[in-house]
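1. Fold the stuff below for me.
(2 chains)
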Amino acid sequence: MTSAPAANVLDELKWRNLLSISTDEAELRKTLGSGSVTYYAGFDPTGPSLHIGHLVQILTMRRLQQAGHRPLALVGGATGLIGDPRPSAERVLNSPEVVAGWVERLRGQIEPFLDFTGPNAATMVNNLDWTSGLSAIEFLRDVGKHFRVGKMLAKDVVSTRLNSEAGISYTEFSYQILQSMDFLELNKRYDCTLQIGGSDQWGNLTAGTDLIHKARPEAAVHALATPLITKADGSKFGKSEGGAVWLDPEMTSPYAFFQFWLNCEDAKIIDYLRVFTFRTAGQIAELEESATSRPQAREAQRALARDMTSLVHGELAASRVEEASKALFGGGDLTGLDAGTLGDALGELPKAQLRRGEHLLVDVLVAAGLAKSKSDARRTLSDGGAYVNNVKVTGGEVATVSTADLLHDRWILVRRGRRQLAALELVGE
RNA sequence: GGCCGGUUGCCCGAGUGGCCAAAGGGAUCUGACUGUAAAUCAGACGGCUCAGCCUACGCAGGUUCGAACCCUGCACCGGCCA
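-> Next up is the predicted model:
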């Protein structure tokens, strides 16, 4: 899982399409090539878990660390209380207690990706540390004086919001100042000279470098933005049935996580292998060859799913869900599977309990989480979109399952559509 | 503080007294095709004890046989003025 250190890590990032825009590229290349650079990326606690969109930053941090640079992972205990303005509408504030809880969770999610030992050990930081004690007067005098309102208004999101019906609160308008302070503070405390972030953060990144230029003219700092990851049609990457693909295994099961990557569209598979995995150019070229000549084999997708699941949930979980996927989709005939294999596979799926006897499939689909209401379940049944043990249900809305459908006298596999599965397990009388 | 405009289903957005569970688009779901892909075509898309009923058009009240639509108050958002 290591890549040969490129001559300059910037070239590797470029090859992986991870460099969208940066401050003076020649200078940045020189800096990265001439010693260990301390850099940071920030993650705001806007929810109980990070999702795969955050992975781009996390993994870019990891790549830079592997190239000998020193990461600071910032979880925004302060910025999370304010909210980075979204183009659409004002955010709803979360309570300090809730945000503090999320900070802890995010820290735990980021830590496994970085190395906290050795000469370029990573450090976790929290911007609440240097903002909680700051008075409003200090803030306005020491920091605010460096910001020109005209420039702040010109930032993309701000002007979008200003021109929208939603408008923008002073709170969110101030966000860029807070993020700029982070960079300045990390520059002072840790000699941090590079901030990385998504291209949608470019305005915030440059606000930080500008602040440092004014407050500490002697410091030379850089910013680097990674591109927005999209699907082939340009739409947002990272959504699956129902919502975001979370890193938290309770929110997105390792099986669902694996499935998400496995279902990657052909048109994007090579891009994603570069962006998200640590495979070398040679390995990716081989997978590309396979994807071109034998797309139906989907070796590249399998490699991506395998790597990502292993990276996020561990080798063991990755093997488990890969085996489960093989068993459940491997040809459809479940009766041929032995109890052990089937039980393991079903164990990765959402579960519902089933009593002996006959049950309306409508109720079963809801109980198993495959339909969000009985109406939804009825629609699915009348559409012919339900399957029991991989066999299409033809009975329409009144179809039932019963003890006779049990596999190994214990389980029933229910499916909605092409690939939403759930397991029913027999429970005592 | 004043005046004007806005608040519609997951999102955007039409509707301005009965024909409205609410046009249209997007998202989503299902089917066909296929490779657990994409594109395409077709159907569905508030809930339920489903030919009916219930809930819903910012919130609360009112007018009316009848309200998303009219009136009053409140909340939030925007614009202009002070």
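2. CA only for contacts and neighbour counts going forward, please
-> Will do.
3. residues near A:Glu165, how many?
-> Neighbourhood size, A:Glu165 [other C-alpha atoms under 10 Å]: 10.
4. right, I mislabeled it, should have said A:Gly336
-> Neighbour number of A:Gly336 under other C-alpha under 10 Å is 9.
5. and if you look at the one 5 residues further on?
-> A count of neighbours around A:Thr341, defined by other C-alpha under 10 Å, yields 14.
6. nearest spatial neighbour of it, skipping sequence neighbours?
-> Leaving out its chain neighbours, the residue that sits closest to A:Thr341 by C-alpha to C-alpha, 6 or more residues apart in numbering is A:Ala327, at 7.5 Å.
7. where are the low-confidence patches of the stretch 201-350 of chain A?
-> A:241-242, A:331-332 (pLDDT under 70).
8. Which single residue in it comes nearest to RNA strand B?
-> RNA strand B sits closest to A:Glu265 of the stretch 201-350 of chain A, with a gap of 2.8 Å, by C-alpha to the nearest atom of the strand.
9. Report the contact partners of that residue.
-> A:Ala232 (C-alpha atoms under 8 Å, 6 or more residues apart in numbering).
10. For it, what are phi and psi?
-> phi -70, psi 150 (degrees, to the nearest 10).
11. quick one on the thing from earlier: does the residue nearest to A:Thr341 sit in a helix or strand, and which one?
-> helix A:315-329 (DSSP states H and E).
12. tell me which residues in that helix are buried?
-> Buried residues in helix A:315-329, counted by 16 or more other C-alpha atoms under 10 Å: A:317-318, A:320-325, A:327-328.
13. is it possible to export the residues you listed to a markdown table including distance to A:Gly83?
-> Compiled in a markdown table, the buried residues of helix A:315-329 are given as follows (distance: C-alpha to C-alpha, whole Å):
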| residue | distance to A:Gly83 |
| --- | --- |
| A:Ala317 | 34 |
| A:Ala318 | 35 |
| A:Arg320 | 38 |
| A:Val321 | 36 |
| A:Glu322 | 38 |
| A:Glu323 | 41 |
| A:Ala324 | 40 |
| A:Ser325 | 39 |
| A:Ala327 | 44 |
| A:Leu328 | 42 |
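14. Intersect those residues with the contacts of RNA strand B.
-> The residues of those that also fall near RNA strand B, by C-alpha under 7 Å from any atom of the strand, are A:325, A:328.
15. right, and out of the buried residues of helix A:315-329, which lies closest to A:Thr31?
-> A:Ala318 (37.8 Å; C-alpha to C-alpha).
16. Correct me if wrong: that closest one contacts A:Phe257.
-> No. At 9.7 Å, A:Ala318 and A:Phe257 do not qualify as touching, with contact defined as C-alpha atoms under 8 Å.
17. measure A:Ala89 to A:Leu59 for me?
-> Remark: distance between A:Ala89 and A:Leu59 (C-alpha to C-alpha, to the nearest Å) = 29 Å.
18. A:Arg355 too?
-> From A:Arg355 to A:Leu59 the distance is 46 Å (C-alpha to C-alpha).
19. Same question for A:Ala121.
-> 16 Å.
20. Which one's more surrounded, these two?
-> A:Leu59 (19 against 15).
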